[in-house]
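Asker: my questions concern the predicted model and sequence given below.
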Amino acid sequence: MIEVVDARRWTTVQDRGRPGLERFGIPPGGAADWFAAAVANRIVGNREDAALLECTAAGPTLRFDTDAVIAVTGGHAAGGTSWQQVRMASGSSLAVGAIAPGLRTYIAIRGGIDVPLVLGSRSFCQRGTFGGGFGRPLQRGDRLAVARLGEHQPLAAPWPESHRLPVRGPWEVRIIAGPQQDAFVEDALQRLTATACRVTPEIDRMGLRLATPGLRLQPREIVTVPMTAGAIQVTPSGGLIVLHVDHQSTGGYPAIATVINADLPLLAQARPGDTVRFRSVDHAEATRAHRRLTGWLELDP
Amino acid sequence: MWQVAPAGDRALLVTVGRTIDPSLLGQVLALDKALAGRRLSGLISTVPAYASLLCHYDPGVTDAARLEASIMKLEGHVDTAMALGSVVDVPTRYDGPDLARVVVETNLTPAGVIEMHAGREYLVYCVGFAPGFTYCGALPDQLSVPRLASPRLRVSAGSIGIAGRQTGIYAVESPGGWNLIGRTALRLFDPAADPPARFKPGDRLRFIPTS
């Protein structure tokens, strides 16, 4: 067992989420930085669907009642060694502490966190307050069991720096136009990609509110439509909301463009005050970007 | 005319119209059913809402152009008649925090608002926004009031709201900008149930006043 000695602000159990249930109003969820989470599981030899801990802004202090192999990835954590396997002896503690640069850190434990599957996933769903073992973020005194999803050998060498994503802005985030581009005037997308957007403090797993100094897009109203993670919604006041993994399944603000899957991890690490610039790409570039990341995950570094 | 547009690099949105209309929902549900029956390779899941259907696909198996072509072939060839199931009763206590203001804004009496809201059958257009949230229409014009200028941070599960020509039921606690006129004890979302949501688009319901 692993005991949560200090939970800090917002640590939750996440895996690859529960996509495919949006028709019931359920967000896909899963690790916000899917790439860093996948690397953490890869380092400790876990199956891809093993659950791990996602920490936001600061990470917990954990005490191990058993020997364990762990990996810490994502945003830089003050305590602990990142991007490589770390052996924890029974009775030892890990204090993750403040995260910076970056916003989210992942802690994988060889075998995976053992909490019950809810609707096919171990992820905590904030809006539905279910999953993640406790139906809430971790609290002091919670005890986590370890599952048996460690099927491969842990990686002997640290994960190469050349195969990591940046954890520090300014961010260049790639987008594909649509699906509601026709709710805007013709040059709206061009004006958006020419604007340095600023990340506001209003960010969570559901979405990020961005300020667009000097830019005001005025969309026409639309009938509520299904939404995806990465959708860049424009509100009537002209602000942007970029939906993330725990996004509302439908929305009433039109999305001028959508962030490609390969760049969602960047938005998971963006901090208030960071600058985001969007760059419009086609499907071919989006597919190449995604293959680059999945290719890294398949490598034997 | 159906329109297909990319929703990122792994989903397409099919839009069949721009209004809230039972015949458009009929097209959405018919397309949804046809796609489910065809098992197109690479199509992972779909999400229906009002007048559009989102299609998630695996870009490693298919691509946007191929999927769009398969979808557009179905236009005009799907059965858009909605299967009419039984009408589900939603026991409702009309004691919402916005009822008094709705009475003023609509120039009705409290009994008049209740009679108008409860005295009809609604079509479920969409389950979305939050787990189990059920969007229904259409409200009579006389009961149409705008959304709250600033949404509440917390609306409790079971709350029944109205906004524009729509009425909706909050299935889990969430923020919300609709005018709350009542609540129901009916459980609309249960992660342990299959399916987890009580209603689906195309269902019909009516509100039954209880004291």
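Answerer: Right, received. Where do you want to start? Numbers count the residues shown, from 1 in each chain, chains lettered A, B, ... in the order given.

Asker: just the helices from chain A, written as ranges.
Answerer: Secondary structure of chain A (DSSP state H): helices at A:34-44, A:188-193, A:264-269, A:283-298.

Asker: what about residue 192, neighbour count?
Answerer: Assuming you mean chain A. Using other Cβ atoms under 10 Å in any protein chain shown, residue A:192 is surrounded by 23 other residues. Backbone N, C-alpha and C define where each C-beta goes, glycine included.

Asker: wait, chain B
Answerer: Using other Cβ under 10 Å, residue B:192 has 8 neighbouring residues.

Asker: ditto for the one 3 residues further on
Answerer: Neighbouring residues of residue B:195 were enumerated by other Cβ under 10 Å; the total is 14.

Asker: check contacts around it.
Answerer: residue A:24 (Cβ atoms under 8 Å, 6 or more residues apart in numbering or on different chains).

Asker: report pLDDT for it.
Answerer: Predicted confidence (pLDDT) for residue B:195: 96.

Asker: what of residue B:206?
Answerer: At residue B:206, pLDDT is 97.

Asker: may I have the helix or strand it falls within as PDB, with CA atoms only?
Answerer: Under the criterion of DSSP states H and E, residue B:206 resides in strand B:204-209. C-alpha atoms of strand B:204-209 as PDB (Å, rounded to 0.1, in the frame of the first residue of the first chain):
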ATOM      1  CA  ARG B 204     -40.300  11.700 -24.700                       C
ATOM      2  CA  LEU B 205     -41.200  12.800 -21.200                       C
ATOM      3  CA  ARG B 206     -43.700  14.900 -19.300                       C
ATOM      4  CA  PHE B 207     -43.500  16.600 -16.000                       C
ATOM      5  CA  ILE B 208     -46.000  15.600 -13.400                       C
ATOM      6  CA  PRO B 209     -46.600  18.100 -10.500                       C
END
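
Asker: quick check: residue A:206 touching residue A:244?
Answerer: Yes. Between residue A:206 and residue A:244 there is a contact at 6.4 Å, judged by Cβ atoms under 8 Å.

Asker: quick check: closest non-adjacent residue to residue A:99.
Answerer: Once flanking residues are discounted, residue A:99 sits nearest to residue A:75: 4.3 Å by Cβ to Cβ, 6 or more residues apart in numbering or on different chains.

Asker: need phi/psi at the one you found.
Answerer: As for residue A:75, its main-chain torsions (degrees, to the nearest 10) stand at phi -60, psi 160.

Asker: so how far is the helix ranked longest in chain B from its chain's centroid?
Answerer: Counting residues, the longest helix found in chain B (DSSP H) is helix B:22-38. Put simply, helix B:22-38 sits 15 Å off its chain's centre (Cα atoms, centre = their mean, to the nearest Å).

Asker: check which helices and strands the next helix or strand after it sits against.
Answerer: Next helix or strand after helix B:22-38 toward the C-terminus (DSSP H and E): strand B:43-49. Applying 3 or more Cβ pairs under 8 Å, 6 or more residues apart in numbering or on different chains; DSSP states H and E, we find strand B:43-49 packed against strand A:225-226, helix B:22-38, strand B:52-57, strand B:122-127.

Asker: follow-up on the earlier one: count of residues packed around the residue nearest to residue A:99?
Answerer: Number of residues near residue A:75 (other Cβ under 10 Å) recorded here: 26.

Asker: coming back round to it: can you say which of the helices and strands packed on strand B:43-49 is nearest to residue B:45?
Answerer: Residue B:45 lies closest to strand B:52-57 among the helices and strands packed on strand B:43-49, at 4.9 Å (Cβ to Cβ).

Asker: so what's the residue count around residue B:85?
Answerer: With other Cβ under 10 Å as criterion, residue B:85 counts 10.

Asker: helices or strands next to the strand holding residue B:206 in the packing?
Answerer: strand B:87-92, helix B:110-118, strand B:122-127.
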